[in-house]
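**Student:** How does the following fold in three dimensions:
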Amino acid sequence: MSGHRLSITTRITVFAGAVAAVLSALLATVLMIGFKYFATENLTQELRANAGRVAIEEERGNLVYPLVHHQSRSMQVVDPRGRVVASSENMRGKQPMATFNPDGEEGATSVVCGGAFPPGECNIVVAQWTHHDGQRWTVYSASPVIPPWVDPRLATLVGGSAVALAAAVTYLGHRIATASLRPVDAIRVELDEINAACAGRRVPVPPSDDEIHDLAESVNHTLGRLQAAMEQQRQFVSDASHDLRSPIAAMKVEVEDALIAPQETSVTTLGSTFLVGLNRLQAIVGDLLALARLDAGLPGARDRIDLSELVSAECGIRHTSAKSIESSLEPGVMVIGDRLRLGRLLTNLVDNAERHAEHKITITVRHEPADERGNRAFQHGVAVLEVLDDGAGVEPDKRELVFQRFARLEASRNTDPGGTGLGLPIARQIAEAGGGTLRIEDSPRGARFVLRLPCAPSANDHGDASDRSTPRGPGQRAV
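**Tutor:** Down below sits the predicted model:
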């Protein structure tokens, strides 16, 4: 199996095993070097002590045989002419084991290979002065060099411990990787089983406070949003089907009546009935297409728009409105956006106000200072558009309901049975697409829709700091 096909658990286990093996080998090597160093130091001290003992006995003329008590140790006493005058049993009849002399009273130490020793064998040799008949003789004390493994039993113990340590770390790495990834397997299994028929299911969240816990919560949040979107889509399709079915059913009844009693139906009557239904169908289809474009996230134009001029133009078109429209417009409130979309938003708000107002509609445009909370979207100031009617208003607990698609309150159905219930949702979506907000806020009477959009930076320097922090003058005009 190629490396990129190995599971994460296998890769973690292999990596942990390799690192453990290398570190264990390094630890075993360091330990053996340390053991050898201390063993060599102890051996040298022992050889120095033996040489000192023999030197004292020689000075007293009372050598005690055997000179050494360990079969691997060697001892020689050499006179000034280089003759061996006394030696241990294993060095009897051999040449001096070394030719170097002690360095002062402390003696000297060196490693000697061959010579008086067996071929290929190296020994640690300690040289010590001794005095005899007014002359300085030399006492040599030697022992074979300690091998790298020091002792076979010690090497076996250290090597076996290193192997056991590497195996234990590898096993623990495998266990930890398996335990850590077990929640991921549970998440994967659950995700494989979740479908449209059981969109309410969620992946298990592990109790540990780690990245996998955060991943599971993020997945559940995403599943929750997908479920909400699916439910909204189902509701949307259901409501759209219902709203489309009503005019179609009405036109079908008229056609059936005309076929049953053609003499009682005229083309004019039938055409008038059809025209009402077709207008309603056209309105619903147009709103659905607008929502589809907004849902798709298609970018709109990025033009500099004077919000007050846009409102003036809309109010000028509605000079035949049955309701009185008053406006208080602060000049020069500039925003960046799509003129057609903002016009659609304003039209939907004014249409809604006309349906519910008793006598008067008030439209206000003003500039507010930059967002004090540091919102970068409103760093150049806030453009505020308010549409207020003098109708019955909207109850606080239903203010968000009116922005849901096809949601129509009882009062709306009574005042405008032919409405689609999509005007306000479209208006809010246009506002949010432009980086703004659209809400219903408190008012003494009627419904007060407040649109807030980011102000455009000034044309010369993209917004001076003093202009952003100070509201514009009170110059207003009414149309």
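
**Student:** Quick one: residues contacting Leu288.
**Tutor:** Residues in contact with Leu288 (CB atoms under 8 Å, 6 or more residues apart in numbering) are Ala240, Leu422. In short, each C-beta sits where N, CA and C put it, glycine included.

**Student:** The spatially most central residue of the chain and Ser218, how far apart?
**Tutor:** Per CA atoms, centre = their mean, the C-alpha nearest to the average position across the chain is that of Glu211, at 8.1 Å. Applying CB to CB, to the nearest Å, the value for Glu211 to Ser218 is 10 Å.

**Student:** likewise Val203?
**Tutor:** Here Val203 is placed at a distance of 10 Å from Ser218 (CB to CB).

**Student:** More neighbours: which of these two?
**Tutor:** Val203 (22 against 11; other CB atoms under 10 Å).

**Student:** Settle this for me: Leu191 is touching Val203, isn't it.
**Tutor:** Yes - counting by CB atoms under 8 Å, Leu191 touches Val203, with 6.3 Å between them.

**Student:** Quickly list what's touching both of those two.
**Tutor:** Residues touching both Leu191 and Val203 (CB under 8 Å, 6+ apart) are Val219.

**Student:** how about the helix or strand in which Leu288 is found: buried residues?
**Tutor:** Assigned by DSSP states H and E, Leu288 belongs to helix 267-295. Residues of helix 267-295 classed as buried: Leu270, Thr273, Gly277, Arg280, Leu281, Ala283, Ile284, Asp287, Leu288, Ala290, Leu291, Leu294 (neighbour count, 16 or more other CB atoms under 10 Å).

**Student:** what's the neighbour count on Gly52?
**Tutor:** 16.

**Student:** next one: Arg234
**Tutor:** By the criterion of other CB under 10 Å, Arg234 has 11 neighbours.

**Student:** Can I take it that it is in a strand?
**Tutor:** No - per DSSP: H, G, I helix; E, B strand; the rest coil, Arg234 lies outside any strand segment and is helix.

**Student:** and it, how far is that from Gln227?
**Tutor:** 10 Å.

**Student:** try Ser238
**Tutor:** Ser238 is 16 Å from Gln227, by CB to CB.

**Student:** Neighbour count: those two, which is higher?
**Tutor:** Gln227 (16 against 11).

**Student:** and that one, what does it touch?
**Tutor:** Taking CB under 8 Å, 6+ apart, one finds Ala199, Gly200 in contact with Gln227.

**Student:** Quick check: pLDDT value at it.
**Tutor:** Note for Gln227: predicted pLDDT of 83.

**Student:** Could you do Thr415 as well?
**Tutor:** At Thr415, pLDDT is 56.

**Student:** ok, and what's touching stretch 81-93?
**Tutor:** Applying CB under 8 Å, 6+ apart, the contact partners of stretch 81-93 are 58, 63, 66-68, 71, 73-79, 94-97, 99, 116, 137.

**Student:** So which of these belong to helices?
**Tutor:** Within the contacts of stretch 81-93, residues falling in helices by DSSP state H are Glu58.

**Student:** Now list the buried members of the contacts of stretch 81-93.
**Tutor:** Buried members of the contacts of stretch 81-93, scored by 16+ other CB under 10 Å, are 58, 67-68, 73-78, 96-97, 116, 137.

**Student:** Can you tell me which of these is nearest Ile325?
**Tutor:** Arg73 (119.7 Å; CB to CB).

**Student:** for the closest one, what are its contacts?
**Tutor:** Leu47, Asn50, Ser88, Ser141, Ala142, Ser143.

**Student:** how about these, which pair is most distant?
**Tutor:** Going by CB to CB, the pair spanning those furthest: Leu47 and Ser88, at 12.2 Å.

**Student:** Pick out whichever of the two has more residues nearby.
**Tutor:** Leu47 (26 against 21).

**Student:** didn't the more buried one look like it was pressed against Val126?
**Tutor:** Yes - with contact defined as CB under 8 Å, Leu47 reaches Val126; the gap is 4.2 Å.

**Student:** who touches both of these two?
**Tutor:** Thr109, Ser141, Ala142.

**Student:** would the last one count as being in a strand?
**Tutor:** Yes - secondary structure of Ala142 (three-state DSSP): part of a strand.

**Student:** Dig out what it forms beta bridges with.
**Tutor:** Applying DSSP bridges to Ala142 yields these beta-bridge partners: Ser74, Val125.

**Student:** ok, how many other residues are close to it?
**Tutor:** 30.

**Student:** Next one: it, what pLDDT does it get?
**Tutor:** On pLDDT, Ala142 comes in at 93.

**Student:** what's the closest of the buried residues of helix 267-295 to Met251?
**Tutor:** Distances from Met251 to those, taken by CB to CB, are shortest for Gly277, at 4.5 Å.

**Student:** so the closest one makes contact with Ile248?
**Tutor:** Yes - counting by CB under 8 Å, Gly277 does reach Ile248; the two are 7.2 Å apart.

**Student:** Now do the contacts for Ile146.
**Tutor:** Lys36, Ala39, Thr40, Leu43.

**Student:** tell me the secondary structure for it?
**Tutor:** Ile146 - assigned by three-state DSSP - is coil.

**Student:** distance of it from Ala116?
**Tutor:** Distance, Ile146 to Ala116, by CB to CB: 19 Å.

**Student:** Next: Arg439.
**Tutor:** Relative to Ala116, Arg439 is positioned 106 Å away (CB to CB).

**Student:** Report pLDDT for Gly436.
**Tutor:** So Gly436 comes in at 89 (pLDDT).

**Student:** end to end, how far does stretch 434-451 reach?
**Tutor:** One end of stretch 434-451 to the other measures 11 Å (CA to CA, to the nearest Å).
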